[in-house]
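**Student:** Sequence and predicted model, in that order:
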Amino acid sequence: MNANTDLIDRYFDAWNETDAARRRELIAATWTVDADYRDPLLSGAGRDGIDAMIRAVHERFPNHTFRRTTEVDGFANRLRFSWELSTPEGTAIVKGSDFGMVDANGRLQAVTGFLDQVPGAA
């Protein structure tokens, strides 16, 4: 695996972590202090904002998990990858693609998410 794949796998580890202290450790290891996340439904600014956003997803979708579904592609400080959110039974209910920017220290500076498949969408 390369550094970008490791970074994005840690990104998903943070999304899936239910222990608050461990999740904050993962966020600190993955995101810059002034990080920014945006998608059509969620946003989080800074590490605290990202933690609050992830916590809200856990409250809305208990025991659901995110996983990367593509290789991590990138050039310079830009990345892209796709993912899915699955029920506890393993059924994917949301699929998306994210685009990220990495800082000089190898942490995520910004992620913009796009929802490729959502429940009820045609």
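**Tutor:** Structure's in. What do you need?
**Student:** Give me the neighbour count for residue 30.
**Tutor:** Other residues within reach of residue 30, judged by other C-beta atoms under 10 Å, total 23. In this view, the C-beta of every residue, glycine as well, is placed from N, C-alpha and C.
**Student:** Checking the residue lying closest to it once chain neighbours are set aside next. Helix, strand or coil?
**Tutor:** Leaving aside its sequence neighbours, residue 30 sits nearest to residue 10 (C-beta to C-beta, 6 or more residues apart in numbering; 4.8 Å). Following DSSP: H, G, I helix; E, B strand; the rest coil, we place residue 10 in the helix state.
**Student:** Packing partners of the worst-scoring helix or strand of the chain on mean pLDDT?
**Tutor:** In the chain, the helix or strand scored least confidently by mean pLDDT, DSSP states H and E is strand 73-75, which has a mean of 94. Applying 3 or more C-beta pairs under 8 Å, 6 or more residues apart in numbering; DSSP states H and E, one finds that strand 73-75 contacts strand 78-86.
**Student:** buried residues in the strand it packs on?
**Tutor:** Using 16 or more other C-beta atoms under 10 Å as the test for burial, strand 78-86 gives 79-86.
**Student:** elements contacting it?
**Tutor:** Using 3+ C-beta pairs under 8 Å, 6+ apart, strand 78-86 is in contact with helix 3-16, strand 65-68, strand 73-75, strand 92-102.
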